[in-house]
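**Q** Got a predicted structure plus its sequence, pasted below:
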Amino acid sequence: MLYFNNDTAGVRRKSNLAELVRNMSYEVMPFKKTEQDVVEHVPTEVPLTVTVTEAKGIDTTLALTERLAGHGYRVSPHLPARQFVDERHVADVIARLSDSGITSVFVIGGDAPKPAGKFGEALGLLRAMDEIGHPFDSVGIGGYPEGHAAISQSALDLALAHKSSHATRVLTQICFDADAIGAWGADIRVKGVDLPVYVGMPGPVSRQKLIRISAGIGLGQSARFLQKQQSLIWKFFMPGAYNPTKLVRRLGVAAPKTTNNIAGLHIFTFNELRGTEEWRQQMLASLGKDDRS
């Protein structure tokens, strides 16, 4: 058994916290002012993902991805399996992204209540992409540290195991429990999923912004979003209940307690880009102070 003195443990916690903060990506939503706000507030070194809404469809996401890439960002569009019709559709999207120089994607099942075609889950789309051939050097898949309301844990574990052979990283759904994230990261590694994990968490977004975002993504998708993210709504609508800095610091302590592949953070910005970037810079500055202490 290994023992760590207090000083060594402190160094391990600080090192892990620094790695989390310095390996941070942002998720943005394809709304009217998204491109302008990204360019105005987000440095190009911050990786981005772009979501898909049912109301706007996948083409809107692809178009925004291409424009942001043109500004010098590394951008991963969400590719929701349930919005693809068939292999021809998959091949067309791959070709479009390849022609635009996009090298990273995030493959999800999607929240549409009925598939547009033959792909009902992410694994089917991942397999189709591999069979067609794709140029992406980074393929993200989703992870669920707190489970899924409509899918059993055993089914989630099996799906992640199958998807991981087609992917290069895992981006998790929102989770507010740092210990649960660390334990889940250790569990999937034991089960053979050896991909880097980026922990999904909200940035410093206001309750009012959440309400506007929920209203703007369409009634059906909004209802499913609220159902899937009950813990998110609970945290944000309790006065003073959520602080992203506290969650990051708790994760910086919890993650080193287990053997896992947690590599960074994936911030759900809800398009609150100015505030999110200011918060990131404050976190980086605080790390610099810690390093000098």
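**A** That came through fine.
**Q** Helices of the stretch 51-200 of the chain, residue ranges please.
**A** Per DSSP state H, counting those that start in this stretch, the stretch 51-200 of the chain has helices spanning 57-70, 87-99, 122-132, 153-164, 178-190. These are given in chain order.
**Q** Nearest to residue 81, out of these?
**A** Comparison of these against residue 81 by Cβ to Cβ identifies helix 122-132 as nearest, at 3.9 Å. All C-beta spots, glycine's among them, are computed from the backbone N, C-alpha and C.
**Q** Quick check: which helices or strands does the closest one pack against?
**A** In this structure, helix 122-132 packs against helix 87-99, strand 104-108, strand 138-143, helix 153-164, with contacts taken as 3 or more Cβ pairs under 8 Å, 6 or more residues apart in numbering; DSSP states H and E.
**Q** can you put these in CSV and add mean pLDDT?
**A** Shown next, in CSV, are those (pLDDT from 0 to 100):
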stretch, mean pLDDT
helix 87-99, 98
strand 104-108, 97
strand 138-143, 97
helix 153-164, 91
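**Q** Which stretch among these is buried most, on average?
**A** A comparison of the helices and strands packed on helix 122-132 by mean neighbour count, using mean count of other Cβ atoms under 10 Å, puts strand 104-108 on top with a mean of 23.
**Q** Parallel or antiparallel, which strands does that strand pair with?
**A** Sheet pairing for strand 104-108, assigned by DSSP bridges, gives strand 75-80 (parallel), strand 138-143 (parallel).
**Q** quick check: angle from that strand to helix 153-164?
**A** For strand 104-108 against helix 153-164, the angle by axes from the mean of the first three to the mean of the last three Cα atoms, to 10 degrees is 150 degrees.
**Q** relative to helix 57-70, how tilted is strand 104-108?
**A** Orientation of strand 104-108 against helix 57-70 (the same axes, to 10 degrees) gives an angle of 160 degrees.
**Q** related to what we said a few turns ago, out of the helices of the stretch 51-200 of the chain, which gets nearest to residue 19?
**A** helix 178-190 (13.4 Å).
**Q** can you dump the C-alpha coordinates of the closest one into CSV?
**A** In CSV, the C-alpha atoms belonging to helix 178-190 read as follows (Å, rounded to 0.1, in the frame of the first residue of the first chain):
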residue,chain,number,x,y,z
ALA,A,178,-17.4,15.2,-8.1
ASP,A,179,-17.0,11.9,-6.2
ALA,A,180,-19.5,10.2,-8.6
ILE,A,181,-17.5,11.4,-11.6
GLY,A,182,-14.3,10.1,-10.2
ALA,A,183,-15.9,6.8,-9.3
TRP,A,184,-17.5,6.5,-12.7
GLY,A,185,-14.2,7.3,-14.5
ALA,A,186,-12.5,4.5,-12.5
ASP,A,187,-15.3,2.1,-13.2
ILE,A,188,-15.3,2.5,-17.0
ARG,A,189,-11.5,2.1,-17.0
VAL,A,190,-11.7,-1.2,-15.1
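**Q** List the contacts of it.
**A** For helix 178-190, contacts defined as Cβ atoms under 8 Å, 6 or more residues apart in numbering pick out 143, 145-146, 157, 160, 170, 172, 175, 197, 199, 247, 250-251, 253-255, 257-262.
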